[in-house]
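**Student:** sequence plus predicted model, see below.
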Amino acid sequence: MTAITQVSWMRYMIGDAGNINRLYWAVKTASEVQAEHLETLSDFYLKKYGDLTNQGKRKRGLKKPRSLEPHFSLARELDLLEWKERERWRITFGPGKAFIALWEKAGKQPPNGLLLGQLVRYDRSFLVPLILGLVESDYDFSSQKFIGLEKIARDAWEEVWDMGRRELELKEPPLPDPQTVSERTLLHHAQARLRFLNSNEGLSLNIDKLRRLAQLFSEFQFKPLPSDYYFRIGEALTARRPSSIPNTELDQLIVKAFSFLQRMGYASGFGLFAFVNELILPNNALDWQAYFEYVRKQKGLSTSASFRSDDFLVTLQSEATTQLEAP
């Protein structure tokens, strides 16, 4: 039986995307304004947060609505925002709400684990070979650039294209193959990921952490993400695999996360999972399948179907808070 190839690649992580503060302001804007058109969101962003985007005399802040497009697009690619034609931009009920709550209420600025988790969920097919190429290349400190970045990005795209060509050829608008893609396009994709992962504007991960991240996810480049992926993220960050946490501690963390993420008595199961993992990394982590089974069977918690096939809803039963908080 032929194995199913799963391509995970973020088409619109390009250009000036990758600045974490600008990403946060994009998600924050969408949580504050109900708008169908990106231009409306961008105008609000510039009026409220534009001055905060200044980065010194040599790097002016964002001034034009079009300059915000990469940041909103990245938020959508990371599943922090969602938008469909003739619908409003909105923050996602799971990772989007968790991202904002972690940033504003839990002091996680930025929430590194959540952002890395979303990145490997949606971009690992291209990300893994790109990183593996970068860690073996030379770095020009005078120009602050990796030598041969365009070739590294082209090789990564060729690997993705070879494995997922049938799926990629159906995309609209059409995608260029590795022979016809321009150097400018390749650099736009590579530089956005470098900014997100390696720069002071992003997560500031050094080469050793990047190498471990790519190596730990390389076998899943074109396969479904493993259930223990947050354990792998913790290991990438510290070179030591995290430990599981006792159920008594998990109970308290679920209640805490639920208080931040619930709406009308319901919270996203995935949002709770991402929120708790951010709080306990890098020393501890949660496995998705083990977490799902625990929540489903735990007295005081109730689960139900979500409108998303990759998520479920959680609610606390009336006596749950008292039960879960009991020593």
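**Tutor:** Now that the structure is in, tell me what you want to look at.
**Student:** from here on, contacts and neighbour counts on C-alpha atoms
**Tutor:** OK.
**Student:** surely Phe258 meets Phe270?
**Tutor:** No. Phe258 is beyond contact range of Phe270, at 11.3 Å (criterion: CA atoms under 8 Å).
**Student:** can you tell me the SS state at the spatially most central residue of the chain?
**Tutor:** Among the residues of the chain, the one closest to the centroid is Gln118, at 2.7 Å (CA atoms, centre = their mean). Assigned state for Gln118: helix (three-state reduction, DSSP: H, G, I helix; E, B strand; the rest coil).
**Student:** got the contact list for it?
**Tutor:** Counting by CA atoms under 8 Å, 6 or more residues apart in numbering, Gln118 makes contact with 78-79.
**Student:** repeat for the one 10 residues further on
**Tutor:** Under the criterion of CA under 8 Å, 6+ apart, the contact partners of Val128 comprise 214-215, 217-218, 221.
**Student:** now it: which helix or strand?
**Tutor:** helix 112-135 (DSSP states H and E).
**Student:** next one: Val314
**Tutor:** Counting by DSSP H and E, Val314 is found in strand 312-316.
**Student:** so for that strand, what gets flagged as buried?
**Tutor:** 312-316 (16 or more other CA atoms under 10 Å).
**Student:** of all those residues, which two lie farthest apart?
**Tutor:** The largest separation in the buried residues of strand 312-316, counting by CA to CA, is between Phe312 and Leu316 at 13.7 Å.
**Student:** and of the contacts of Val128, the nearest to Ser182?
**Tutor:** Of all those, Ser182 sits closest to Gln221, with 23.9 Å by CA to CA.
**Student:** that closest one: neighbour count?
**Tutor:** Using other CA atoms under 10 Å, Gln221 has 24 neighbouring residues.
**Student:** measure the nearest residue to Pro226 once chain neighbours are set aside to Gln179 for me?
**Tutor:** In space, and not counting its chain neighbours, Pro226 is closest to Phe220: 7.5 Å by CA to CA, 6 or more residues apart in numbering. Distance, Phe220 to Gln179, by CA to CA, to the nearest Å: 26 Å.
**Student:** wait, is Tyr24 part of a helix?
**Tutor:** Yes. Tyr24 forms part of a helix when assessed by three-state DSSP.
**Student:** so what's it up against?
**Tutor:** Taking CA under 8 Å, 6+ apart, one finds Ile100 in contact with Tyr24.
**Student:** likewise Glu82?
**Tutor:** When contacts are counted by CA under 8 Å, 6+ apart, Glu82 touches 76, 89-92.
**Student:** give me the subset of those residues that lies in helices.
**Tutor:** Counted as lying in helices by DSSP state H, out of the contacts of Glu82, are Arg76.
**Student:** neighbour-wise, which one of the contacts of Glu82 leads?
**Tutor:** Going by other CA under 10 Å, Ile91 tops the contacts of Glu82 with 26 neighbours.
**Student:** please name the bridge partners of that residue.
**Tutor:** With beta bridges defined as DSSP bridges, Ile91 has these partners: Leu81.
**Student:** quick one: it from Val135, how far?
**Tutor:** Ile91 is 34 Å from Val135, by CA to CA.
**Student:** for this protein, give me the ranges with low pLDDT.
**Tutor:** Scanning the chain for pLDDT under 70 picks out 1-4, 55-60, 318-327.
**Student:** ranges for the strands of it?
**Tutor:** In the chain, strands defined by DSSP state E lie at 81-82, 90-91, 139-140, 145-146, 267-268, 301-305, 312-316, listed in chain order.
**Student:** would JSON lines of the ones you listed with distance to Glu167 be doable?
**Tutor:** Formatted as JSON lines, the strands of the chain follow (distance: least, CA to CA, whole Å):
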{"stretch": "strand 81-82", "distance to Glu167": "22"}
{"stretch": "strand 90-91", "distance to Glu167": "28"}
{"stretch": "strand 139-140", "distance to Glu167": "34"}
{"stretch": "strand 145-146", "distance to Glu167": "31"}
{"stretch": "strand 267-268", "distance to Glu167": "30"}
{"stretch": "strand 301-305", "distance to Glu167": "29"}
{"stretch": "strand 312-316", "distance to Glu167": "28"}
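**Student:** what's the closest of those strands to Glu183?
**Tutor:** Across the strands of the chain, Glu183 has its closest neighbour in strand 145-146 (14.7 Å, CA to CA).
**Student:** check which helices and strands that closest one sits against.
**Tutor:** Helices and strands touching strand 145-146, by 3 or more CA pairs under 8 Å, 6 or more residues apart in numbering; DSSP states H and E, are strand 139-140.
**Student:** partners of the strand it packs on, with directions?
**Tutor:** Looking at strand 139-140 with DSSP bridges, its partner strands are strand 145-146 (antiparallel).
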